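**Q** I would like to see how this sequence folds:
(chains A and B)
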Amino acid sequence: MSDGIDRDLFRRIQDRVAVVGIGHLPFAKDIGRPIGDTAVEAVQLALADAGLEAEDVDGISMLEMERTHEVSIARRLGVRQLTWWDKISYGGGASSATLMHAACAIATGMATTVVCHRARNRGAKTSRPWAQERELVTDDKALHVPWGLIRPVDVIGMWAHRHMHEFGTTREHLGNVAIAARRHAQRNPHAMMRGRPLDMETYLAGRVIGWPLTLYDCCLETDGALACIVTSVERARDLRQPPVLIHSVAQASGPNPVHLANYNNCPTMETTAKWCAELLWQRSQLGPQDLQCAQIYDAFTPLVIMGLEDYGFCRRGEGGPFTEGGRIELGGALPVLTSGGGLSEAYVHGFNLLLEGVRQIRGTSVNQVPGCRATLVTGASGVATSAVVLRRA
Amino acid sequence: MALGDVLVSERLHPDYPLPDLDDPVMRPFWAGAHEGRLMQQRDRVTGALHWPPKPLYWKDGRRLEWFQASGRGTVYTYVVAHEPFLPAFREWMPHILVVVELAEGARIVGHMVRCTPAEMRFGLPVRVVFKRLTERVTLPVWEPDR
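**A** All right, here's what the predicted structure looks like:
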């Protein structure tokens, strides 16, 4: 008997909702303005890119970790009225999910034109959440914070170290990821690490942060503001840019989730991304082999290696060797982080990976992969996460 | 008894991230630790371990029971943390963070004491030590089981 839930409803979204505009402010160590201000300007840039006006917007999808208010952004922009909005939790897990939520709202008629955005001021050392633990530790955090397992680099380092032990992943494999991202950043005028190339010798000599991870395994801390505009494919036809279709998109927490530090999954190296990937590919008519590049979430280098495995580009444990021989660099079989990513362009909870995904499909990346027809953008493994497959019309 | 070994932290940093002892789900864990016992939760019917622990209002909550674990295990994975770190932990740098696979099977986060980074390896046998942080809070930590 039917439960009344239409599981084919995803067809209403697949290739029928599109990203039509993108925009961002120059990334900076100190942007010098509050995010309530920068967010609005980034949205204006994205609207201009699309050829839309503030009056066209009726929805907003953003990250819960962003301390701005929808109504304030709408008022400053000049939006007539919002009919739909939401905030998605889990930081780096949420960027692709903003597109998913926007697409659901558009497909069900709750909104017609949705702004997805992220503004984040985190360049200053005192702004790091792990430097601000004061209150009694409650809920899931009580499972790791009282021992000092607080910095994300240590949480991820636990997985990374085990991955190295179990599968023979090496520091050089992690270095391949850092070097690929840094190489791509050299051609990106917006990249924080432009003009600062990285070689393996320098990588291996990096200052230890939490062994086995060192300085170059860690993303940057950046101030940034980015936005994209989502609407129906029909509306997209009249707009300035070629539409970038949302082909498949998924959000998943995995079973027994613990915010960040869950080491009790079975099999042991399985993160939330594996569950997200399963849904993503189920809904997709494309598979990993059909993508010309990928933007794999890279707060830390091992997340890229594990992400390559989770999203099916290689088998479990083979993510390290997959990075060899320039495979993940421009010119290789699967360039990753073609803008420089969180490691070398800017760390803004992966929202820059979304914008780079859109540019690759439009054909306008500074590191354009020739003939790019489809790409993947993922959120953070480990936390409840999300991912999207973007394709050309 | 060796497993009742207690370390006392003399000068606790005012910003030390202390756990909420009144969390109803975790209360037996913290109460046990304060009495020198490492507590774990299991399903008394199936024997399955639950870590993180489940609340009593979980669907099979009536079958849950806490029990004293052996306090022994092996290093499942670890990280040697260097500066910049939280001021509350500075006196222990480099701080060896560890995930211990308990003899009972669960994997639990902790940190090492009386151990150098050079001694660390995967599979290293470890035993629990209780570190008294305040008059109310005791943290189960780990040392090599020599």
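
**Q** that's a helix at residue A:227, yeah?
**A** No. Counting by DSSP: H, G, I helix; E, B strand; the rest coil, residue A:227 is not found in a helix; it is strand.

**Q** surely it and residue A:39 touch.
**A** Yes. Look at residue A:227 against residue A:39 with CB atoms under 8 Å: they come within range, at 7.4 Å. To be clear about C-beta, it is placed using only N, CA and C from the backbone, and glycine gets the same treatment.

**Q** quick check: neighbours shared by the two?
**A** A:117-118 (CB atoms under 8 Å, 6 or more residues apart in numbering or on different chains).

**Q** right, is the longest strand along chain B up against chain A?
**A** Counting by DSSP state E, the longest strand found in chain B is strand B:72-81. Yes. Under the criterion of CB under 8 Å from any CB of the partner chain, chain A is reached by strand B:72-81 at B:76-81.

**Q** which of the residues you listed are buried, as a ChimeraX select command?
**A** Below is the selection syntax for ChimeraX that covers the buried ones among the residues of strand B:72-81 next to chain A, with 16 or more other CB atoms under 10 Å in any protein chain shown defining burial:
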select /B:76,77,78,79,80,81
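
**Q** where in the chain is pLDDT low?
**A** Here I'm looking at chain A. Residues of chain A meeting the criterion pLDDT under 70: A:1, A:125-134, A:266.

**Q** that's the wrong chain, I meant chain B
**A** Ranges of chain B meeting pLDDT under 70: B:1-5, B:10.

**Q** and the helices in it, which stretches?
**A** Remark: helices of chain B, listed N- to C-terminal, are B:27-34; assignment by DSSP state H.

**Q** which parts of it sit against chain A?
**A** Residues of chain B found near chain A (CB under 8 Å from any CB) are B:15, B:17-20, B:23, B:26, B:51-52, B:76-82, B:84-86, B:88-89, B:92, B:95, B:97, B:99, B:106-107, B:109-111, B:117, B:122, B:139, B:141.

**Q** so who does residue A:140 touch?
**A** Neighbour list for residue A:140: A:258-259, A:261, B:52 [criterion: CB under 8 Å, 6+ apart].

**Q** oh, that last question was meant for residue B:131, not what I typed.
**A** B:6-9, B:113, B:138-141.

**Q** at 7 Å instead, please
**A** For residue B:131, the residues meeting the contact criterion (CB atoms under 7 Å, 6 or more residues apart in numbering or on different chains) are B:7, B:9, B:113, B:138-139, B:141.

**Q** kindly report the same for residue A:328.
**A** A:176-177, A:180, A:334-336.

**Q** ok, residue A:40 next?
**A** A:73, A:76-77.

**Q** re the thing from before, partners of the longest strand of chain B, with directions?
**A** Its sheet considered, strand B:72-81 pairs with strand A:208-211 (antiparallel), strand B:95-102 (antiparallel), strand B:125-132 (antiparallel) by DSSP bridges.

**Q** chain center to it: distance?
**A** In terms of CA atoms, centre = their mean, to the nearest Å, the gap separating the centre of strand B:72-81 from the centre of its chain is 12 Å.

**Q** stretch A:267-277: end-to-end distance?
**A** Between the opening and closing residues of stretch A:267-277 we find a distance of 16 Å, counting by CA to CA, to the nearest Å.

**Q** so is it next to chain B?
**A** No. Figure legend: stretch A:267-277 not in contact with chain B (CB under 7 Å from any CB of the partner chain); closest approach 8.0 Å.

**Q** who's in contact with that stretch?
**A** Outside of stretch A:267-277, the residues that reach it under the criterion CB under 7 Å, 6+ apart are A:159, A:162-163, A:166, A:250-254, A:257, A:306-307, A:310-312, A:316, A:378, A:381-387.

**Q** out of the contacts of residue A:40, flag the one nearest to chain B.
**A** Each of those was scored against chain B by CB to the nearest CB, and residue A:73 proved nearest at 33.3 Å.

**Q** please tell me how far the residue positioned nearest the centre of chain A sits from residue A:386.
**A** Against the mean C-alpha coordinate of chain A, by CA atoms, centre = their mean, the closest residue is residue A:350 at 3.2 Å. Counting by CB to CB, to the nearest Å, the gap from residue A:350 to residue A:386 is 10 Å.

**Q** which ones among the residues of chain B next to chain A lie within strands?
**A** Counting by DSSP E, the members of the residues of chain B next to chain A that fall within strands are B:76-81, B:95, B:97, B:99, B:107, B:109-111, B:139, B:141.

**Q** give me the distance between residue A:361 and chain B.
**A** From residue A:361 across to chain B, the span is 38 Å (CB to the nearest CB, to the nearest Å).

**Q** swap that for residue A:59, sorry
**A** To chain B, residue A:59 is 36 Å away according to CB to the nearest CB.

**Q** angles on the backbone of the closest residue to that residue other than its chain neighbours, please.
**A** Spatial nearest neighbour of residue A:59, chain neighbours left out: residue A:111 (3.2 Å); criterion: CB to CB, 6 or more residues apart in numbering or on different chains. With angles defined as degrees, to the nearest 10, residue A:111 sits at phi -150, psi 160.

**Q** ok, how many other residues are close to residue A:111?
**A** With neighbours defined by other CB atoms under 10 Å in any protein chain shown, the count for residue A:111 comes to 24.

**Q** pretty sure the residue nearest to the centre of chain A contacts residue A:385?
**A** No. Because the distance of 9.8 Å does not satisfy CB atoms under 7 Å, residue A:350 is recorded as not touching residue A:385.

**Q** what is in contact with those two at once?
**A** By CB under 7 Å, 6+ apart, residue A:350 and residue A:385 have these common neighbours: residue A:379.

**Q** circling back: need the max-distance pair from the contacts of residue B:131.
**A** Distance extremes for these: the farthest pair is B:113 and B:138 at 13.1 Å, using CB to CB.

**Q** neighbour count winner among these two?
**A** residue B:138 (23 against 16).

**Q** test my guess that the more buried one contacts residue B:39.
**A** No. With the criterion set as CB under 7 Å, residue B:138 and residue B:39 do not qualify as a contacting pair; they are 11.7 Å apart.

**Q** please name the residues that touch the residue nearest to the centre of chain A.
**A** Contacts for residue A:350 were tallied using CB under 7 Å, 6+ apart; they are A:92, A:95, A:297, A:342, A:379-380.

**Q** show me what counts as buried in stretch B:9-20.
**A** Along stretch B:9-20, the positions that meet the burial threshold by neighbour count (16+ other CB under 10 Å) are B:9, B:16-20.

**Q** equivalent analysis for stretch A:155-163, please.
**A** By neighbour count with 16+ other CB under 10 Å, stretch A:155-163 contains the buried residues A:155-163.

**Q** list phi and psi for the residue of chain B most remote from its centre.
**A** When each C-alpha in chain B is compared with the mean C-alpha position (CA atoms, centre = their mean), residue B:59 comes out farthest, at 26.5 Å. Residue B:59 has phi and psi values of phi -60, psi -40 when expressed as degrees, to the nearest 10.

**Q** what distance do you get for it to residue B:24?
**A** Here the distance between residue B:59 and residue B:24 works out to 17 Å (CB to CB).

**Q** that older thread, which one of the contacts of residue A:40 is nearest residue A:145?
**A** For residue A:145, the nearest member of those is residue A:73. The distance, counting by CB to CB, is 32.2 Å.
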